[in-house]
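K.L.:
sequence and predicted model, in that order:
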Amino acid sequence: MPLPASHQIAQPKAHSQYAICELRIIVYLWLMRKHNGMRPQDIAVLLKIIAAGNEIWQNKDLSAALALSASEISESLNRSQIARLIDEKKKRVFRQSLIEFLEHGLRFVFPAEPGPLTRGIPTAHAHPFMSKQFPSEEPYVWPTAEGKVRGVALEPLYEGVTKAVRSDEHLYKLFALADVIRIGKIRERKVAIEELKKMILHEPSREQNAFKAI
């Protein structure tokens, strides 16, 4: 028995809608596989873009400044774009979203554990901004042979942190404040978060070159 004319007309439309739905599912699954979770260096990349202020940059600049390969930078920006932490052109950080992640997610997703005593670069409470408010006899440091301060080892967000901060005091402060969130107590975290909000949300212009050669 042939289908009514109304059913015959609607059938192609139904097939079309089904195909579109199926395509969306395929794209979604592909994006999720490509994202496969944020990495610690993704936070470093986003903070470096923040530290650059209004300066025009390219992926190669981030690569050189952060001691990450070009492919690592590209993959990092892709993950941040999928996570809606940066725009589709992968140039403008969604600052409010980044702050929310730092405040509520960083210490759970990328926690830090104190290690043995070693020499390194002061971080967290040992950074000059924090140490004025929370003096400590056992500072946290990023382990490095070039470090001049002896303290408790704290693994940085990613391996290249000690190289990245050499030429960028603004970035150094951002990384150190992030470490306070990762390992600090409630009162310490509160101070760090408030300072991060000032530095990230106000979009200050900077005179110094954020991509000066290391």
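P.N.:
That came in fine, so what should we check first?

K.L.:
name the nearest residue to the residue nearest to the spatial centre of the chain, ignoring sequence neighbours.
P.N.:
Most central in the chain under Cα atoms, centre = their mean is Ile43, positioned 1.2 Å from the mean C-alpha point. Excluding its sequence neighbours, the residue lying closest to Ile43 (Cβ to Cβ, 6 or more residues apart in numbering) is Leu157, at 5.8 Å. All C-beta spots, glycine's among them, are computed from the backbone N, C-alpha and C.

K.L.:
contacting residues for the residue nearest to the centre of the chain?
P.N.:
With contact set as Cβ atoms under 8 Å, 6 or more residues apart in numbering, Ile43 has these partners: 102, 106, 110, 157, 178.

K.L.:
of these, which belong to helices?
P.N.:
102, 106, 178 (DSSP state H).

K.L.:
give me phi/psi at Lys148?
P.N.:
phi -110, psi 0 (degrees, to the nearest 10).

K.L.:
on that earlier part again, tell me the two of the contacts of Ile43 that are most distant?
P.N.:
Greatest spatial distance among these (Cβ to Cβ): Leu102 and Leu157, at 11.3 Å.

K.L.:
what do these two both touch?
P.N.:
Common neighbours of Leu102 and Leu157 (Cβ under 8 Å, 6+ apart) are 43, 178.

K.L.:
which one is Leu177 nearest to, not counting chain neighbours?
P.N.:
Per Cβ to Cβ, 6+ apart, closest to Leu177 is Ala192, 4.4 Å.

K.L.:
meant to ask about Tyr172, not that
P.N.:
Sequence neighbours aside, Val165 is the residue nearest to Tyr172 in space, at 3.9 Å (criterion: Cβ to Cβ, 6+ apart).

K.L.:
now do the strands in this structure.
P.N.:
Along the chain, the segments classed as strands by DSSP state E run 114-123, 140-143, 149-154.

K.L.:
rewinding a little: so the residue nearest to Ile43 sits against Ala176, correct?
P.N.:
No: between Leu157 and Ala176 there is no contact under Cβ atoms under 8 Å: 10.8 Å.

K.L.:
and which of the ones in helices among the contacts of Ile43 is nearest Tyr140?
P.N.:
Ala178 (12.2 Å).

K.L.:
check contacts around the closest one.
P.N.:
Ala178 touches 43, 47, 102, 106, 157, 192, 196, counting by Cβ under 8 Å, 6+ apart.

K.L.:
now Met199
P.N.:
Contact analysis of Met199 by Cβ under 8 Å, 6+ apart lists 50, 170, 173-174, 177.

K.L.:
can you put these in CSV and add neighbour count and pLDDT?
P.N.:
Listed next are these as CSV, based on neighbours: other Cβ atoms under 10 Å; pLDDT from 0 to 100:
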residue, neighbour count, pLDDT
Ile50, 21, 96
His170, 19, 95
Lys173, 20, 98
Leu174, 24, 98
Leu177, 27, 98
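
K.L.:
just the helices in this structure please.
P.N.:
5-35, 40-51, 59-66, 70-82, 95-104, 106-109, 128-131, 161-164, 169-183, 186-201.

K.L.:
now the contacts of Ala178 in a markdown table, with distance to Leu68 and pLDDT?
P.N.:
Below are the contacts of Ala178 laid out as a markdown table (distance: Cβ to Cβ, whole Å; pLDDT from 0 to 100):
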| residue | distance to Leu68 | pLDDT |
| --- | --- | --- |
| Ile43 | 12 | 98 |
| Leu47 | 13 | 98 |
| Leu102 | 20 | 98 |
| Leu106 | 19 | 97 |
| Leu157 | 12 | 96 |
| Ala192 | 24 | 97 |
| Leu196 | 22 | 98 |
